[in-house]
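Participant: my questions concern the predicted model and sequence given below.
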Amino acid sequence: MEATHNDVQQPHHTPLLDPPSLAGNSSSNSSSSSSSSSWRPSLRGTLMLFGSIVIWLLLSMIKQRHEPSEPKSMALFGRGICEGVSAKSLNSNKVSYDWTNAMLYWQRTAFHFQPQKNWMNDPNGPLFHMGWYHLFYQYNPDSAVWGNISWGHAVSTDLIHWLYLPLALLPDTWYDFNGVWSGSATLLPDGTIIMLYTGDTNQFVQVLNIAYPTNLSDPLLLHWVKDPHNPLLLPPPGIGPKNFRDPTTAWIGPDQKWRIILGSKVNKTGLALVYKTKDFIQYELNDNYLHEVPGTGMWECVDFYPVSIDGVEGLDTSVNGPMVKHVLKASLDDTKVDYYAIGKYFVENDTWVPHNPNEDVGIGLRLDYGGIYYASKTFYDQLKKRRIIWGWIRETDSETADLKKGWASLQTIPRTVVFDKKTGTNLLQWPVQEVESLRLSSVDFEGVLLKPGSILPLDIGSAAQLDIFGEFEMELLTSEGIGDNNNVGCGGGAVDRRAMGPFGIVAIADDQLSELTPIYFSISNTTNGTSTTYFCVDETRSSKAPDVSKQVYESKVPVFSDEKLSTRVLVDHSIIESFAQGGRSVITSRVYPTQEVVFGAARLFLFNNATHINIKASLKIWQLNSAFIHPFPDLIQ
């Protein structure tokens, strides 16, 4: 059902600089900032003061791992620097907000993939097989915090409606005793499925392992076996035992040898190692790194794939040629950010060079400009000839809250990835078309006028599950002073009053605007006539809870003269995915609203906090159904 609203409630022409709705500091007051910084002082103090207790606990955990008849102890701490990997969970035991069960239940998403319970992180080995999309993921079957990392498994026929399956891989051998870590699937021409993954050994050494489905005729790929040759690779000379992980999907070269890369570092130089193989058992290390970037630190969850520069379809990982560019992506362990660059792959020596050295891996383009997107993974969907990317969305609340609600983390909506032919410099990411199957009723708003300093409630009912497409046109009121002190990006957030911004959408808000998350544009103009468009999300007033991260996130986004400013926003309770200019810039936000929005009171607004422009906004808004993710019938987890 569609309803067109040409007559809307008149906006309030009250500046948003001062009211409690948008007032606030752009920096977070959260008690927990980054996961690694919150871990380090706690770990060091523990080692100094309670070393004997820690050793006893570790020995107790190891003993339990050798006694499967006994229940494993619940991990109380996140993954730590001492293990040589990212501290990918928060470790604050301070309880500074009294979350109720209703609030925690409301945070759970309706159409984003997340496990039934417990901890999840990196997406692993996605593939399409016999009518089913398969997603594997890092999973703790025992607790809502990191530990005992296994591979969870789910399937879907449309990438949206998922069914949980039994665990695929467990840490049950010496070469993955401390975790079955991230990996990738490769589909061979004869139909064989190769699953390469990192194992953390009983001596805390990262190694390359391989597993196969036991029955390729099983569409669900329920059972997996590890190869007796494992481990296939140990860290080579010059590479630390904890700096060797996350193999990519393999691609085949003109010599009929398969290539994979693994993430690593030497000192502070992040790099990708290249290995060649004919049988996926014996490997030879390339003399050259695929690529390296000084100062970027450990590269993990590396990804490498081709994109077409003249087509709209995705490419199989082995495709190369004159109309192809290659994307190199790395998740930076030091900053917990996913960076990518576009460049040229030289097959003769298996090296890669970025087209723009100023936008190299780790110093240039990001896949997502929010603060919670990490460990992304792509795969080629041979059914619909497209490349799909997932990203892990971590929590920014405390581990205490995660334990109380019984789950932590989720995955983004799968996105298609293509080369932006218009800019020639970046990728475009867009939600897979299948998400539109969730659309219910829609409402249109055409040509809504927003004068400077106004905010407008949109009468759409509950705004907890939405697909929003919006376009914005600017009308300049005066040019006087427009270039003065205006080049500040997203500045202090949506409370700023500048000549040409901010303006946009306010999501997950309550009626009183005491909690809200603005998604907006801001134009920085100068006296010489040049301008830069910024796409922003302001989380500083997204929650009354003080123990969650609340930041202002910004990105520059190219806009051409023949384009309107446009954004698409997916709202799913506590996650907001925002796509600007057809996906040139993406910002994912994780928000934790309190009781004001929990009981069906989430609202949507438009706002214009600029001083020199009117905004004309047109929107189409769909209510979205739930995906009703549940266990596969007749299969017990």
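Facilitator: Alright, I've got the coordinates. Residues are numbered from 1 along each chain as shown.
Participant: every contact and neighbour count from this point should use C-alpha atoms.
Facilitator: OK.
Participant: how near is the nearest residue to Gly314 once chain neighbours are set aside to Tyr133?
Facilitator: Closest residue to Gly314 apart from its sequence neighbours, by Cα to Cα, 6 or more residues apart in numbering: Arg386 at 3.8 Å. According to Cα to Cα, to the nearest Å, Arg386 stands 13 Å off from Tyr133.
Participant: burial count for the residue nearest to Gly314?
Facilitator: Using other Cα atoms under 10 Å, Arg386 has 20 neighbouring residues.
Participant: the helix or strand encompassing Leu466 pairs with which strands?
Facilitator: Using DSSP states H and E, Leu466 maps to strand 465-476. Note on strand 465-476: by DSSP bridges, its sheet partners are strand 565-572 (antiparallel), strand 613-624 (antiparallel).
Participant: what does the last one rub up against?
Facilitator: What that stands for is strand 613-624. Identification of contacts with strand 613-624 by Cα atoms under 8 Å, 6 or more residues apart in numbering yields 438-452, 463, 465-478, 499-500, 503, 608.
Participant: packing partners for the helix or strand just after that strand?
Facilitator: The C-terminal neighbour of strand 613-624 among helices and strands, as given by DSSP H and E, is strand 630-631. If contacts are counted by 3 or more Cα pairs under 8 Å, 6 or more residues apart in numbering; DSSP states H and E, strand 630-631 sits against strand 162-169.
Participant: from the contact counts, what lies against the strand it packs on?
Facilitator: With contacts defined as 3+ Cα pairs under 8 Å, 6+ apart, strand 162-169 has these neighbours: strand 150-156, strand 630-631.
Participant: give me the neighbour count for Val559.
Facilitator: When neighbours are counted by other Cα under 10 Å, Val559 registers 17.
Participant: got a list of what it touches?
Facilitator: Contacts of Val559 (Cα under 8 Å, 6+ apart): Thr533, Leu565, Gln581.
Participant: what's the closest of the strands paired with strand 465-476 to Lys117?
Facilitator: strand 565-572 (18.0 Å; Cα to Cα).
Participant: chain center to the closest one, what's the gap?
Facilitator: Distance, stretch centre to chain centre, for strand 565-572: 16 Å (Cα atoms, centre = their mean, to the nearest Å).
Participant: contacting residues around stretch 235-249?
Facilitator: 83-85, 181-186, 196-198, 204-208, 234, 260-266, 298, 300-304, 317, 379.
Participant: apply 7 Å and report the result again.
Facilitator: Residues from elsewhere that reach stretch 235-249, judged by Cα atoms under 7 Å, 6 or more residues apart in numbering: 84, 182-186, 196-198, 205-207, 260-266, 300-303.
Participant: so the residue nearest to Gly314 sits against Gly311, correct?
Facilitator: No: at 10.9 Å, Arg386 does not count as touching Gly311 under the criterion of Cα atoms under 7 Å.
Participant: show me where this structure has its helices.
Facilitator: Taking DSSP state H as the test, the helices found in the chain are 35-49, 51-65, 101-107, 399-405, 595-598.
Participant: pLDDT weak spots in the protein?
Facilitator: 1-96, 481-487, 526-529, 595-599, 636-637 (pLDDT under 70).
Participant: on that earlier part again, which neighbours do Arg386 and Tyr133 have in common?
Facilitator: Common neighbours of Arg386 and Tyr133 are not found (criterion: Cα under 7 Å, 6+ apart).
Participant: check the spacing between the residue of the chain positioned farthest from its centre and Ile613 real quick.
Facilitator: When distances are taken from the C-alpha mean of the chain, Glu480 lies farthest, 41.5 Å away, according to Cα atoms, centre = their mean. From Glu480 over to Ile613 the distance is 12 Å, taken as Cα to Cα.
Participant: ok, now Phe445?
Facilitator: Phe445 is 20 Å from Ile613, by Cα to Cα.
Participant: again, but for Val552
Facilitator: 23 Å.
Participant: just Met103 next, same as before
Facilitator: Met103 is 39 Å from Ile613, where distance means Cα to Cα.
Participant: quick one: contacts of the strand holding Leu466?
Facilitator: Looking at what lies outside strand 465-476 - Cα under 7 Å, 6+ apart - the contacts are 564-573, 612-624.
Participant: buried subset of these?
Facilitator: If you count burial by 16 or more other Cα atoms under 10 Å, the buried members of the contacts of strand 465-476 come out as 565-573, 612-624.
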